[in-house]
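Undergrad: Provided below for reference: sequence and predicted model.
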Amino acid sequence: MLTSDQIKKIDTQDMYKTYENWPEIAEQNYYKKFDKLDVKDIDHIVFAGMGGSGTIGDIFSSILSKTNIHVSVVKGYSLPKTVNERTLIMCTSISGNTEETLSILENAKKSNARFVSMSSGGKMEDFCEKNNLKFYKIKKDHSPRASLLGFLYAALNIFEEIIQINKNDVNESIKSLYELKKGILVDSLYKKNMAIELAEWIKEIPMLYYPWGLESVAIRFKNSMQENAKKHVMYEDVIETCHNGIVSWEKSSNVQPILIRGSNDHKKTIERWDIIKEFFQEKNINYKEIFSVDGNILSKIVCLIYILDMTSIYNAVIGKIDPSPVNSIDFIKDKL
């Protein structure tokens with residue numbers, strides 16, 4: 001079993017300590033006194049961002065999927081053609097220096113859409129100040145990926161007047177994070193630590209299967225495992241895989257399936273889960289299931305991300321890999 005001393009020895013930049021405080025960071029940013037964003041007649045929000053910043057858009061795409069607001073997520077240099085005067089464009093760069101997102105922000109000079117930005121400073125803050133654009137400065141916690149919940153709950157706070165998310169749902173999600181924290185930290189008193197158990201089980205390439213509404217969780221786990229544990233990861237919608245991906249299991253491989261399940265998935269989705277599990281059992285393919293907490297979609301998403309991000313750190317430490325450095329990303333940035 002992992003110990004705190006092992007983590008301290010390998011996690012040289014103390015990423016783990018930031019995750020220990022995730023519920024507190026979420027709560028602080030949700031209740032911080034930001035100026036509420038007050039824009040009228042919005043029916044389309046574009047979330048522009050890369051990496052950890054891009055995950056914010058993925059999450060909002062899920063939690064707003066049953067509202068009247070259309071959501072687009074841009075991870076690149078270009079805005080969709082559907083942008084108009086009823087569009088709000090949210091540019092997020094935790095560092096403030098992300099090339100792709102700064103390129104999107106440049107459109108503010110010629111677009112009739114409304115723009116707002118969040119970062120910890122950097123070139124984004126300078127650009128917004130120079131061009132008189134709405135800007136929110138949010139504290140970075142350790143690294144862009146570890147800052148996810150701080151920026152997400154700041155956005156929930158800032159967007160309170162324009163998005164249809166019940167405040168009780170946000171409070172429920174924070175409460176759920178506090179409860180979950182007790183069972184997934186390395187010094188947990190609980191006998192069963194699902195994050196450590198999953199980290200110990202993952203020895204090869206994880207394949208994540210997810211239901212509609214939880215794609216953001218799968219994308220985030222892929223990103224976290226790649227950056228923290230330096231492992232390849234794949235993901236696929238559970239319904240879609242029944243039309244193609246399932247065939248790949250007819251051939252043996254070093255891929256390990258993980259089923260990310262909602263606590264109240266659609267009845268037809270549950271049917272597919274049961275069939276896929278039966279298929280894996282007949283093929284003697286070992287798999288893991290991770291269930292969301294009960295509650296609203298925000299609670300499900302952030303708690304699953306908390307479990308799986310902790311899993312990625314534990315998996316890195318088990319493999320004697322420091323989760324913080326991302327030398328390959330630095331190599332690419334240095335070439336741009």
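TA: Great, that's in hand.

Undergrad: drop to CA atoms for contacts and neighbour counts, all remaining ones
TA: Will do.

Undergrad: Residue ranges in this structure under the pLDDT threshold?
TA: 189-190 (pLDDT under 70).

Undergrad: what's the domain layout of it?
TA: Domain assignment for the chain, taken from automatic domain parsing, gives 32-165, 182-318.

Undergrad: wait, which of the ones you listed is closest to Glu20?
TA: Glu20 lies closest to domain 182-318 among those, at 7.0 Å (C-alpha to C-alpha).

Undergrad: Just give me how far the closest one sits from the chain centre.
TA: Offset of domain 182-318 from its chain centre (C-alpha atoms, centre = their mean, to the nearest Å): 14 Å.

Undergrad: So for Met15, which of the domains of the chain sits nearest?
TA: domain 32-165 (6.5 Å).

Undergrad: So what would you say the end-to-end distance of that closest one is?
TA: 18 Å (C-alpha to C-alpha, to the nearest Å).

Undergrad: Check stretch 124-138 too.
TA: 12 Å.

Undergrad: Which residue ranges of the stretch 1-150 of the chain form strands?
TA: Counting by DSSP state E, counting those that start in this stretch, one finds strands in the stretch 1-150 of the chain at the ranges 44-48, 70-74, 87-93, 114-119, 134-137.

Undergrad: can you redo those as TSV with mean neighbour count and distance to Ile104?
TA: Formatted as TSV, the strands of the stretch 1-150 of the chain follow (neighbours: other C-alpha atoms under 10 Å; distance: least, C-alpha to C-alpha, whole Å):
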stretch	mean neighbour count	distance to Ile104
strand 44-48	25	7
strand 70-74	21	9
strand 87-93	26	8
strand 114-119	22	10
strand 134-137	18	15
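
Undergrad: Give me the distance between the nearest residue to Val74 once chain neighbours are set aside and Leu214.
TA: Distance criterion C-alpha to C-alpha, 6 or more residues apart in numbering; nearest residue to Val74, sequence neighbours excluded, is Ala48 at 4.7 Å. To Leu214, Ala48 is 19 Å away according to C-alpha to C-alpha.

Undergrad: same thing with Ser143?
TA: 24 Å.

Undergrad: Check Phe127 too.
TA: 34 Å.

Undergrad: Then Lys36?
TA: 28 Å.

Undergrad: More neighbours: the two, which one.
TA: More neighbours surround Leu214 than the other of Lys36 and Leu214, with 24 against 14 (other C-alpha atoms under 10 Å).

Undergrad: ok, and the closest non-adjacent residue to the more buried one?
TA: Ile301 is the one closest to Leu214 (C-alpha to C-alpha, 6+ apart), at 6.7 Å.

Undergrad: Report all helices and strands that whatever helix or strand that neighbour lives in contacts.
TA: Secondary structure assignment for Ile301, by DSSP states H and E: helix 297-318. Contact partners of helix 297-318 among helices and strands, from 3 or more C-alpha pairs under 8 Å, 6 or more residues apart in numbering; DSSP states H and E: helix 4-10, helix 51-63, helix 167-184, helix 194-201, helix 215-224.

Undergrad: what about the nearest residue to Asn112 once chain neighbours are set aside, neighbour count?
TA: Leaving out its chain neighbours, the residue that sits closest to Asn112 by C-alpha to C-alpha, 6+ apart is Glu85, at 5.0 Å. When neighbours are counted by other C-alpha under 10 Å, Glu85 registers 14.

Undergrad: Same check on Phe279?
TA: 14.

Undergrad: any idea how far it is from Ile258?
TA: Distance of Phe279 to Ile258, given as C-alpha to C-alpha: 14 Å.

Undergrad: Show me what Pro257 bridges to in the sheet.
TA: For Pro257, the beta-bridge partners are Met207 (DSSP bridges).

Undergrad: returning to that earlier point: let's have the strands of the stretch 1-150 of the chain in CSV, adding distance to Met194.
TA: Formatted as CSV, the strands of the stretch 1-150 of the chain follow (distance: least, C-alpha to C-alpha, whole Å):
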stretch, distance to Met194
strand 44-48, 32
strand 70-74, 31
strand 87-93, 31
strand 114-119, 33
strand 134-137, 35
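
Undergrad: who wins for proximity to Asn264 among these?
TA: The nearest among the strands of the stretch 1-150 of the chain, by C-alpha to C-alpha, is strand 70-74 at 23.7 Å.
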